[in-house]
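Novice: Sequence and computational prediction follow.
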Amino acid sequence: MSDSNFAFALVVGASSGIGEALARRLAADGARVALVARREDELRRIMEEINDAAGEERAIAVAHDVRAADEAPDLVQEIARRLGGLDLVIYAAGAMPAVAVDEYDTTKDREMLEVNLVGAVAWLNPVAERMARLGRGTIVGIGSVAGDRGRAPNPVYCTSKAAFHAYLEALRNRVAKLGVKVVTIKPGFVDTAMTRGKEGLFWVISADRAAEIILKKARRGVVTAYVPARWRMVMTVVRAIPSFIFTKLGF
Amino acid sequence: MRMRDRLEWVEGWGMAVGGAGYVFRPADAGGVAEAIETARGKGLAIALRGAGCSYGDAAFRPESVVLDLSNLNRVLAWDPETGIVDVEPGVSLAALWRLTIGDGWWPPVVTGTMEPTVGGMLSMNVHGKNNWPRGTFGEHCIEFDLTTAAGESRTISQKNDADLFHDVIGSFGQFGIITRARLQMKKVHSGQVEVKAVSAPDLGAMLSLTDDAKDKWEYVVGWIDTFARGRNLGRGLLHFARHLEEGEDPDPAASLDAEAQDLPANLFGVMPKGLMWRFLKPMTNRPGMRFVNFGKYLAGSTVGDEKVYRQPLAGFSFLLDYVPNWKNIYLPGGLIQHQSFVPAASAEQVFRDQLEICHEHGMPSFLAVLKRHRPDPFLMSYAVDGYSLALDFPVIRGRRAKLWSMVRALAEPVVAAGGRFYPAKDAALPGDLYRSTFREGQLGRFAGIKAKLDPDRVLRSGLADRLIYEE
């Protein structure tokens, strides 16, 4: 039996990046983990690697496209049953397609909103309802520093993350008094497929390092955590920049 | 009602293990049938639950239907001439003794709390402080109605099917749902017992005094100072008690009045007992419990030694109810208990080893209770001709895995000595050790009955999974 707080975890968006790293770390710490993502082959590979390393079945794979929001409530119930419980749910699914500064593609934007926001709401609503009934549990939302300001290069990505942060805060205000923790994570630049090849990145950390920090924050049940912590200082300054100056900076 | 509206956190009495369950609380047979049908339709297992007094995972199973039978609590028949009572499974021990005491009858076997239900007590086949003379609760059951997971009902008695009778009782609810039980109460001539308190300077004296008392007294129970070591290891206090004979009580009608049995509302005359656990909580750590154990032994071995006094039956029997919610002193982690039964010849060495193991692991038990036992005829019997030692441990965050591994270390000498374990108290015993305590063929018989009465394994519990099914 693990001394970790988390015995039964669900990671949405577990086939790559931070989600994959979180799933691997949770399983290595002894938790049973449900891996949810769209790409079934990737999921199966990760699941098998986790289970082979553990020498027992720690991970289960559930192929699901987060844009199919109606499926989420039943999947939450099914996954809880298959795992034997559910005490940590992490929404790490995210989409950040390349967007040109003069591009206004509603189809692309809608997809971002569906993956980054609607999918999150679809999954975390039934999770919050369940955890509130049980009076326990931890919800972690992987947001982004990008949600702290509306930036010119990717308006809807920033919008989706800002809205996700607001949703997580509202959820927290609903369920905190019932014993449920809601943790907002705002990563800076993390070395994942989503960021690889992009220019102007700095302070880049590995997905595994990000996962390590995120789980530490989740265990403590912090309200909002920047990952790594130095981003808090940066974003405090960035948020304080008046709009008339921010516009001229071309962020 | 939607299934997700039935979702509740359900845990063992010790609060150290729990899980989400879809809770059904039927008040009649129709409700029981609905729960079975729903569970079967959704492919969910059913865990049976009464008052939830089992310390660990006997009365729930995570992500399963939890069939809470505590609302099936009608007394169906009571005959004050014969002392025979017919009850539904949710009738509590409290309701039972309150019903019968005024007519001069008392449950022949009672637990340390009056909260458990009859169904739960039969399923776990509980014992009390008089296990040597009276055996287990199941030995005082005449017959019961059993509803299987397929929804079929039958009456099973010691007469019509003695084998199945002894198979079902004590098999932790794995063969069917007891929907009615007929019990034989014990005749008493007073609502009071005579109690004698004695002290013992070490473990050897505790065991020999217990053994000497077992045929002379109805009730024998010992408390051990778990912090004492060296030559004082296993020192403690013993309480012996007997029912008064006819004529010994000058006013039996008064003492047999149920209200005269009520436990005091205040402790030490002033402290509302509901608040007591809050005052005890700051003491619930190693230095505090060392002090409490030392003080209790000091008082019991000086001013309290060889003291003889009379006490109401309820007060003597239900010590755990004196301080309501006292288990909250163990929050947030809760507590577990390890109760092992060891043949008389090996008991001193095994218990000595266990007390030392606790100290070596840096996790002394905060409460230890010693009792004398004898074998009984039930399939999943935990009793031996010997002694049991029950050890309570706080579950402290960060040390849980270490505590669970210590339980294995505590259990190994018990297995080596031919001992057994008490499922009602267990939360952490490894299944391999539990299974190794049974004679050849016993577990095969259990599996055979399960296959016959519940082939789809609809009736499950966390405990049954851990100890029996997950080989």
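Specialist: That came through fine.
Novice: what's the neighbour count on residue 49?
Specialist: Let's take chain A. Neighbours of A:Glu49 under the rule other CB atoms under 10 Å in any protein chain shown: 14. To be clear about C-beta, it is placed using only N, CA and C from the backbone, and glycine gets the same treatment.
Novice: The chain in question should be chain B.
Specialist: Neighbours of B:Arg49 using other CB under 10 Å come to 29.
Novice: Would you confirm that A:Thr184 contacts A:Gly221?
Specialist: No: between A:Thr184 and A:Gly221 no contact is recorded; they are 11.6 Å apart, counting by CB atoms under 8 Å.
Novice: who has more neighbours, these two?
Specialist: A:Thr184 (24 against 14).
Novice: List the residues that contact that one.
Specialist: A:Thr184 makes contact with A:Gly141, A:Gly143, A:His165, A:Leu168, A:Glu169, A:Arg172, A:Val223, A:Thr224, A:Ala225 under the criterion CB atoms under 8 Å, 6 or more residues apart in numbering or on different chains.
Novice: Quickly run through the sheet partners of the helix or strand containing it, with directions.
Specialist: For A:Thr184, the element it lies in under DSSP states H and E is strand A:181-187. In the sheet, strand A:181-187 lines up against strand A:138-142 (parallel), strand A:224-227 (parallel) (DSSP bridges).
Novice: could those strands go into a markdown table alongside mean pLDDT?
Specialist: Below are those laid out as a markdown table (pLDDT from 0 to 100):
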| stretch | mean pLDDT |
| --- | --- |
| strand A:138-142 | 98 |
| strand A:224-227 | 97 |
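Novice: Return the most buried member of those strands.
Specialist: Ranked by mean neighbour count, these are led by strand A:138-142 with a mean of 24 (mean count of other CB atoms under 10 Å in any protein chain shown).
Novice: count of neighbours near residue 27?
Specialist: All of this refers to chain A. Look at A:Ala27: counted by other CB under 10 Å, it has 24 neighbours.
Novice: was after chain B, sorry
Specialist: Using other CB under 10 Å: B:Ala27 sits among 15 other residues.
Novice: Give me the pLDDT for it.
Specialist: B:Ala27 is assigned 96 on the pLDDT scale.
Novice: Ok, the one 4 residues further on next?
Specialist: Model confidence at B:Gly31, given as pLDDT, is 95.
Novice: I'd guess it is in a helix, am I close?
Specialist: Yes: according to DSSP: H, G, I helix; E, B strand; the rest coil, B:Gly31 belongs to a helix.
Novice: thinking it is in contact with B:Thr38, fair?
Specialist: No: in this structure, B:Gly31 is not within contact of B:Thr38 by CB under 8 Å, at 10.5 Å.
Novice: any shared contact partners between the two?
Specialist: Counting by CB under 8 Å, 6+ apart, the residues touching both B:Gly31 and B:Thr38 are B:Phe24.
Novice: hey, what's in contact with both of A:Thr184 and A:Gly221?
Specialist: In terms of CB under 8 Å, 6+ apart, A:Thr184 and A:Gly221 are not both contacted by any residue.
Novice: what about the chain, any weak spots by pLDDT?
Specialist: Since you didn't name a chain, this refers to chain A. A:1-4, A:251 (pLDDT under 70).
Novice: my bad, the chain I had in mind was chain B
Specialist: Across chain B, residues meeting the criterion (pLDDT under 70) sit at B:471.
Novice: Next, count neighbours for the residue of the stretch 151-251 of chain A found nearest chain B.
Specialist: As assessed by CB to the nearest CB, chain B sits closest to A:Gly179 within the stretch 151-251 of chain A, at 9.3 Å. For A:Gly179, the neighbour count with other CB under 10 Å is 13.
Novice: From A:Thr195, how far out is it?
Specialist: Counting by CB to CB, to the nearest Å, the gap from A:Gly179 to A:Thr195 is 36 Å.
Novice: what's the residue nearest to the residue of the stretch 151-251 of chain A closest to chain B when sequence neighbours are not counted in contact with, if anything?
Specialist: With sequence-adjacent residues excluded and distances taken as CB to CB, 6 or more residues apart in numbering or on different chains, A:Gly179 is closest to A:Gly135, at 4.1 Å. By CB under 8 Å, 6+ apart, A:Gly135 lies in contact with A:Leu178, A:Gly179, A:Val180, B:Trp9.
Novice: Kindly recompute the last result at 10 Å.
Specialist: Residues in contact with A:Gly135 (CB atoms under 10 Å, 6 or more residues apart in numbering or on different chains) are A:Val175, A:Leu178, A:Gly179, A:Val180, B:Glu8, B:Trp9.
Novice: For chain B, what lies in contact range of chain A?
Specialist: Applying CB under 10 Å from any CB of the partner chain, one finds that chain B approaches chain A through B:3-10, B:17-21, B:42-44, B:61-64, B:397-405, B:428, B:462, B:465.
Novice: still on that earlier bit, got a markdown table for the strands paired with strand A:181-187, with distance to B:Arg154 too?
Specialist: Below are those laid out as a markdown table (distance: least, CB to CB, whole Å):
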| stretch | distance to B:Arg154 |
| --- | --- |
| strand A:138-142 | 47 |
| strand A:224-227 | 60 |
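Novice: Name the residues of chain A found near chain B, please.
Specialist: Within chain A, the positions adjacent to chain B are A:1-5, A:7-8, A:30, A:73, A:76-87, A:126, A:129-131, A:133-137, A:179 by CB under 10 Å from any CB.
Novice: Which ones among the residues you listed lie within helices?
Specialist: A:73, A:76-83, A:126, A:129-131, A:133-134 (DSSP state H).
Novice: Only the buried subset of the residues you listed, as a PyMOL command please.
Specialist: Selection of buried members from those for PyMOL, criterion 16 or more other CB atoms under 10 Å in any protein chain shown:
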select buried, chain A and resi 73+76+77+79+80+81+83+126+129+130+131+133+134
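Novice: So which of the ones in helices among the residues of chain A next to chain B is the closest to B:Lys450?
Specialist: Minimum distance to B:Lys450 across those is 22.0 Å, recorded for A:Arg81 (CB to CB).
Novice: Look up how far A:Trp203 lies from A:Ala210.
Specialist: Distance of A:Ala210 to A:Trp203, given as CB to CB: 11 Å.
Novice: Mutual contacts of the two, please.
Specialist: A:Gly188, A:Phe189, A:Val190, A:Pro228.
Novice: could those go into a markdown table alongside secondary structure, neighbour count and distance to A:Gly19?
Specialist: What follows is the shared contacts of A:Ala210 and A:Trp203, written out as a markdown table (DSSP: H, G, I helix; E, B strand; the rest coil; neighbours: other CB atoms under 10 Å in any protein chain shown; distance: CB to CB, whole Å):
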| residue | secondary structure | neighbour count | distance to A:Gly19 |
| --- | --- | --- | --- |
| A:Gly188 | coil | 23 | 17 |
| A:Phe189 | coil | 18 | 17 |
| A:Val190 | strand | 24 | 11 |
| A:Pro228 | coil | 16 | 18 |
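Novice: Among A:Ala210 and A:Trp203, which residue is more densely surrounded?
Specialist: Set A:Ala210 next to A:Trp203 and count neighbours by other CB under 10 Å: A:Ala210 wins out with 24 against 11.
Novice: what sits against the residue lying closest to that one once chain neighbours are set aside?
Specialist: Take A:Ala210 and drop its neighbours on the chain: the residue closest to it by CB to CB, 6+ apart is A:Val190, 4.8 Å away. Applying CB under 10 Å, 6+ apart, we find A:Val190 in contact with A:17-18, A:21, A:142, A:144, A:201, A:203-211, A:227-228.
Novice: cool, and B:Lys402?
Specialist: The neighbours of B:Lys402, taking CB under 10 Å, 6+ apart as the test, are A:Asp3, B:His361, B:Gly362, B:Met363, B:Ile396.
Novice: Nearest to B:Asp305, out of those: which one, please.
Specialist: B:Met363 (30.1 Å).
Novice: From chain A, how far out is the closest one?
Specialist: Plainly put, B:Met363 is 14 Å away from chain A if you go by CB to the nearest CB, to the nearest Å.
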